[in-house]
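**Q** Predicted model follows, preceded by the sequence.
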Amino acid sequence: MIELRHVSKAFGGHLALDNLSFKVQAGEVMCLLGANGAGKSTTLNILLDFITPDSGEAWVDGVNVQLEPHKSKQRLVYLPENVNLYQEFNAIDNLSYLARLCNHVPELNDIRRALQKAGLQEDAWLQPLASYSKGMRQKVGIAFAILRRSQVLLLDEPTSGLDHSATREFIKIIEQLAKQGAAILMVTHDLYCAHTLATHIGIMKRGRLLDVFANQQHSLDSLEYLYHQHISGITLEKTA
Ligand SMILES: Nc1ncnc2c1ncn2[C@@H]1O[C@H](COP(=O)(O)OP(=O)(O)O)[C@@H](O)[C@H]1O
Ligand SMILES: [Mg+2]
């Protein structure tokens, strides 16, 4: 569903991604961990066709991102770290407007159902987004993914700035989408969220995946230990 094949990308002689390959299948949640500058956002930007790789291929739901960028964008929903949308519109108008931009005229009932599934409290639906917390704006973004029946979700630091209960709520909603067959790629610094939510965890450093493993293999403590070992470079790097 989401795949990078031997992707490299340099910015002015600095290698941001170094022959990076991985796959996220339907029903999986892959969390990419790594220090600042590891190449996590560049990975998402390539899948979004915001930047072009120097070599290698990116695939979204069976579509080659660089060859068919318009089609690949229709297959995914991207939640940036801060979901801004139209501050003066309410949640229903935002979703209706965004869907129309994608040539989809949604029924009001479908919008209401999507907001309900995304867990946004009903008394906020007609309030302007300017009055929303980060967690609430994010739910509108998730409702958009539900409304579009998107099977691919790309999330950049979705839990930064959320309190613990909003993080738990977010985890539950994303788990539900994965159970229904979505492939989810999430970039995060939040080890708790990664450990609770991920089916797979990848640790990135200097544009490479040092390690990818099934999350169930580790307790939160051992994940934390492993992460710091990799990031501080104590262990030998595995070749991807
Ligand atoms: N548009 C850009 N122009 C120049 N350098 C960039 C650009 N985007 C990212 N980089 C560099 O590429 C590396 C990886 O960045 P990034 O993917 O943003 O890391 P992360 O999201 O893991 O913090 C960093 O060294 C960063 O400075
Ligand atoms: Mg980043």
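**A** Cool, got the structure. Numbers count the residues shown, from 1 in each chain. Ligands and ions are numbered 1, 2, ... in the order given.
**Q** Only C-alpha atoms from now on, for both contacts and neighbour counts.
**A** Noted.
**Q** nearest spatial neighbour of Q216, skipping sequence neighbours?
**A** Among residues not flanking Q216 along the chain, T199 sits closest, at 7.3 Å (CA to CA, 6 or more residues apart in numbering).
**Q** That neighbour and L32 touch, don't they?
**A** No. Between T199 and L32 there is no contact under CA atoms under 8 Å: 11.4 Å.
**Q** Between these two, which has more neighbouring residues?
**A** The neighbour count for T199 versus L32, taken as other CA atoms under 10 Å, is higher for L32 (26 against 21).
**Q** In which helix or strand does that one reside?
**A** Using DSSP states H and E, L32 maps to strand 29-34.
**Q** Contacts only, for the residue sitting nearest the centre point of the chain.
**A** By CA atoms, centre = their mean, the chain has its centre lying nearest to L155, at 1.9 Å. By CA atoms under 8 Å, 6 or more residues apart in numbering, the contact set of L155 is 78-81, 184-187.
**Q** follow-up on the earlier one: tell me what the strand holding L32 is packed against?
**A** Strand 29-34 is packed against helix 40-47, strand 183-187, strand 200-205, with contacts defined by 3 or more CA pairs under 8 Å, 6 or more residues apart in numbering; DSSP states H and E.
**Q** ranges for the strands of this structure?
**A** 2-11, 14-24, 29-34, 55-60, 63-64, 76-79, 152-156, 183-187, 200-205, 208-214 (DSSP state E).
**Q** State the distance from the nearest residue to L197 once chain neighbours are set aside to ligand 1.
**A** What sits nearest to L197 in space, not counting adjacent residues and going by CA to CA, 6+ apart, is I171, at 6.1 Å. In this structure, I171 and ligand 1 are 21 Å apart, going by CA to the nearest ligand atom, to the nearest Å.
**Q** K117 now?
**A** Applying CA to the nearest ligand atom, the value for K117 to ligand 1 is 29 Å.
**Q** so what's that residue scoring on pLDDT?
**A** Note on K117: pLDDT of 89.
**Q** again, but for L236
**A** At L236, pLDDT is 48.
**Q** before we move on, what about A240?
**A** At A240, the pLDDT value in this model is 43.
**Q** tell me which parts of this structure are close to ligand 1?
**A** 11, 16, 36-42 (CA under 6 Å from any ligand atom).
**Q** how does the protein divide up, domain by domain?
**A** As assigned by automatic domain parsing, the chain contains the domains 1-75+151-240, 83-149.
**Q** measure the last one end to end?
**A** The one in question is domain 83-149. Counting by CA to CA, to the nearest Å, you get 19 Å between the two ends of domain 83-149.
**Q** and what of stretch 124-136?
**A** Stretch 124-136 stretches 9 Å from its first residue to its last (CA to CA).
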